[in-house]
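S.K.: predicted model and sequence below, questions to follow.
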Amino acid sequence: MRLSDEFLDRLRAANRIENVMSSYVTLKRNGRRYICLCPFHSEKTPSCVVYTDTESFYCFGCHVGGDVISFVQRIENLSYIEAVRFLADKSGIQMPEDVKMGDDYTRKKQRMLEMNRKAARFFFDNLRGEKGLQARAYLKKRGLEIKTITKYGLGYACATWTTLRDYMLGEGYSEQELIDASLIARGKSGRTYDFFVNRVMFPFFNLQGKVIGFGGRTLDPEDKRKYLNTKETICYNKSKYLFSLNFAKEQATKTKRLLLCEGNMDVVSLNQAGFENSVATCGTAITDEQARIMSQYCDEVIICYDADTAGIKASEKAMRLFDEAGVTVKVLKIEGAKDPDEFIQKYGKERFSYLLNNSGGAVAFSLSRCESGLDMDSEIGKVEYLKRACDVLAGIPTDVERGFYISELAQKYGVPRNAVEQTVKSIMEKRGRSEKKKAWQTTVNSVSSSVDIKDGVPSASGKVTKAEEGIIAFLFANPDAVKYISPPAESFQTELLKRVYTSLCGKIERGESLSVSAFGGEFEPDEMSEITKVINMTKLIEINRETALDYVKVLKENAPADNAGAETIDLAEIARRKRSKVK
């Protein structure tokens with residue numbers, strides 16, 4: 001959707017990309033630019049660059065980039081118009097009259113959010129009415145107070161199969177809309193029925209306080225599906241959503257700590273006890289995306305999973321993901337209760353707070369797990385334990401911490417320190433060789449996919465792509481050069497770059513202001529990533545008038561005999577494949 005230059009200029013001026021991004025990541029100045037750990041993939045070395053002069057960002061690791069609008073689109077999972085509205089509301093700028101309603105996708109999403117809001121109110125009223133007697137008794141048994149129930153908007157889905165459906169149809173929504181929102185489902189017979197039946201309902205709020213989905217805890221002891229969550233919709237993405245982050249983010253920002261729980265009820269109970277920095281995943285093990293989102297709000301995560309086998313395995317996976325996201329991890333050791341909710345009810349919040357402050361680090365947890373299945377009274381068991389422990393210590397990134405645990409391990413088991421140190425060093429060297437080989441292969445694949453290398457020599461299509469990118473970068477920085485650098489669009493063989501070149505020349509001809517944001521309404525987020533990379537090429541290599549003219553010559557020399565039958569290069573698709581490999 002086309003937005004005026006004047007509006008986009010005001011929007012960017014009020015939302016400088018470095019200011020907006022600093023709300024999600026830690027930026028470090030590097031000359032005229034900023035660098036940071038990319039929020040869109042796991043990394044330990046910063047590869048994301050923020051260019052203040054072009055008001056854009058680009059990650060050289062996962063190849064994601066764009067302007068401030070593109071960034072908000074990705075980080076908040078919004079459409080283009082929603083991201084524009086997000087920034088406009090944030091800075092007090094009024095949206096243009098002709099785009100207030102948004103595009104079809106935005107209208108559909110807004111209507112789904114409205115459906116969810118009405119459904120949440122319907123469930124909440126059910127809980128307070130005669131039909132909610134059993135649900136209220138359950139929540140009282142779990143120790144929840146009225147103010148907590150109200151804060152989280154907890155509700156009740158009736159033990160009948162069409163109550164919500166009939167109500168929502170009466171509100172003017174169609175069956176298909178309700179199915180798309182995962183509020184009802186269609187059976188094999190073709191009839192529709194409520195998706196949630198006889199369940200205590202937990203609304204899922206996004207960071208803006210909008211209801212994007214639901215989780216339901218069954219009250220029927222015969223129902224094997226104890227917990228049931230909304231299916232994936234245009235509003236709800238289970239791999240990104242964290243329950244109660246809307247409440248937790250404020251305290252997490254202050255304390256730099258988040259508590260990761262296993263279930264919604266644990267979070268609600270902890271919140272009621274004063275631990276508002278608690279979140280949970282919804283029906284799935286934590287994903288790398290959720291770990292990265294949590295890293296935006298804290299430096300430390302304490303894993304508060306159940307003390308059973310499944311909880312221990314889930315903790316091990318979570319530790320790995322948080323380590324990749326650059327977050328310090330601790331694991332809560334719960335004794336005398338199966339989960340945080342039960343522990344607080346039995347021993348109180350003061351004792352739980354003591355547990356949190358004295359929880360062990362990830363290394364201590366991993367070392368304790370090394371004893372699993374071993375007879376620690378036998379020599380064979382001790383030797384196997386030492387092998388496992390050395391493998392754990394080889395994963396510690398800092399020399400000081402690694403040295404501390406090496407000394408402690410050697411002293412505890414009466415083994416020479418240098419023997420443990422050499423074993424750990426050998427494991428690290430082996431891993432290093434493997435990682436270097438993997439990194440080199442990734443580099444080769446990345447280069448060959450974008451430049452099309454054959455037998456060590458760039459192919460004609462690779463040269464053409466480089467020339468096309470160079471022409472666009474040069475004209476963006478020197479729009480007046482269009483007088484002598486203006487090859488026909490038909491000479492561009494890369495489909496995306498042809499469209500970008502055509503759009504750029506049109507903007508120059510009409511005298512419009514040039515910015516990364518100027519392309520936002522015309523191109524998809526993946527395409528914006530490529531555009532950002534190309535526009536910022538002049539910061540990596542020098543492109544002068546002579547170079548640009550050489551690029552034009554390359555296009556002429558490699559022009560297909562029949563442009564109509566020429567095979568075009570889908571650069572956006574290549575970039576998507578590269579990003580999927582990184583993630």
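M.R.: Looks like it arrived, so ask away. Residues are numbered from 1 along each chain as shown.
S.K.: how about the helices in the stretch 451-583 of the chain?
M.R.: Along the stretch 451-583 of the chain, counting by DSSP state H, counting those that start in this stretch, helices occupy 460-477, 495-510, 525-535, 545-557, 571-582.
S.K.: list the helices and strands the first one packs on?
M.R.: Pointing back at helix 460-477 there. Packed against helix 460-477, as judged by 3 or more CB pairs under 8 Å, 6 or more residues apart in numbering; DSSP states H and E, are the following elements: helix 417-451, helix 495-510, helix 525-535, helix 545-557. Heads up, the C-betas are built off the backbone N, CA and C, glycines and all.
S.K.: list the buried ones in the second one?
M.R.: Which is helix 495-510. 496-501, 503-505, 507-508 (16 or more other CB atoms under 10 Å).
S.K.: could you do the last one as well?
M.R.: Neighbour-count burial for helix 545-557, with 16+ other CB under 10 Å as criterion, is recorded at 548, 551-552, 554-555.
S.K.: that one vs helix 460-477, what angle?
M.R.: Relative orientation of helix 545-557 with respect to helix 460-477: 140 degrees, computed using axes from the mean of the first three to the mean of the last three CA atoms, to 10 degrees.
S.K.: got it, and the shortest one?
M.R.: Taking the same axes, to 10 degrees, helix 525-535 and helix 460-477 form an angle of 80 degrees between their directions.
S.K.: which helices and strands does helix 525-535 pack with?
M.R.: Secondary-structure packing of helix 525-535 (3+ CB pairs under 8 Å, 6+ apart): strand 56-59, strand 65-66, helix 68-76, helix 460-477, helix 495-510, helix 571-582.
S.K.: how distant is the longest one from the center of its chain?
M.R.: How far helix 460-477 lies from its chain's middle: 32 Å, per CA atoms, centre = their mean, to the nearest Å.
S.K.: likewise for stretch 517-533?
M.R.: Offset of stretch 517-533 from its chain centre (CA atoms, centre = their mean): 19 Å.
S.K.: could you look up the SS state of the closest residue to Leu228 other than its chain neighbours?
M.R.: Of all residues beyond its chain neighbours, the one nearest Leu228 is Gly216 (4.8 Å), with distances taken as CB to CB, 6 or more residues apart in numbering. Gly216 carries the three-state label strand when classified by DSSP: H, G, I helix; E, B strand; the rest coil.
S.K.: now Val301
M.R.: When classified by three-state DSSP, Val301 comes out as strand.
S.K.: tally of neighbours for it?
M.R.: Neighbours of Val301 under the rule other CB atoms under 10 Å: 29.
S.K.: swap in the one 10 residues further on?
M.R.: The local packing count at Gly311 equals 18, with neighbours defined by other CB under 10 Å.
S.K.: okay, and it sits in which element?
M.R.: helix 309-324 (DSSP states H and E).
S.K.: and that helix, C-alpha only, in PDB?
M.R.: Presented in PDB, the C-alpha positions along helix 309-324 are these (Å, rounded to 0.1, in the frame of the first residue of the first chain):
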ATOM      1  CA  THR A 309      12.000 -37.000  33.800                       C
ATOM      2  CA  ALA A 310      10.200 -35.000  31.100                       C
ATOM      3  CA  GLY A 311      10.900 -31.700  32.900                       C
ATOM      4  CA  ILE A 312      14.600 -32.600  33.100                       C
ATOM      5  CA  LYS A 313      14.900 -33.400  29.400                       C
ATOM      6  CA  ALA A 314      13.000 -30.200  28.500                       C
ATOM      7  CA  SER A 315      15.500 -28.200  30.800                       C
ATOM      8  CA  GLU A 316      18.500 -29.700  28.900                       C
ATOM      9  CA  LYS A 317      17.000 -28.500  25.600                       C
ATOM     10  CA  ALA A 318      16.200 -25.100  26.900                       C
ATOM     11  CA  MET A 319      19.700 -24.600  28.300                       C
ATOM     12  CA  ARG A 320      21.200 -25.200  24.900                       C
ATOM     13  CA  LEU A 321      18.800 -22.700  23.200                       C
ATOM     14  CA  PHE A 322      19.400 -20.000  25.900                       C
ATOM     15  CA  ASP A 323      23.200 -20.500  25.600                       C
ATOM     16  CA  GLU A 324      22.900 -19.900  21.800                       C
END
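S.K.: tell me what whichever helix or strand comes after that helix is packed against?
M.R.: Using DSSP H and E, the helix or strand that follows helix 309-324 towards the C-terminus is strand 328-331. Using 3+ CB pairs under 8 Å, 6+ apart as the contact criterion, the elements in contact with strand 328-331 are strand 300-304, helix 309-324, strand 360-361, helix 362-369.
S.K.: so Asp194 versus Leu133, what's the distance?
M.R.: Between Asp194 and Leu133 the distance is 19 Å, computed by CB to CB, to the nearest Å.
S.K.: any weak-confidence spans in the stretch 301-450 of the chain?
M.R.: Residues of the stretch 301-450 of the chain meeting the criterion pLDDT under 70: 307-309, 360, 434-450.
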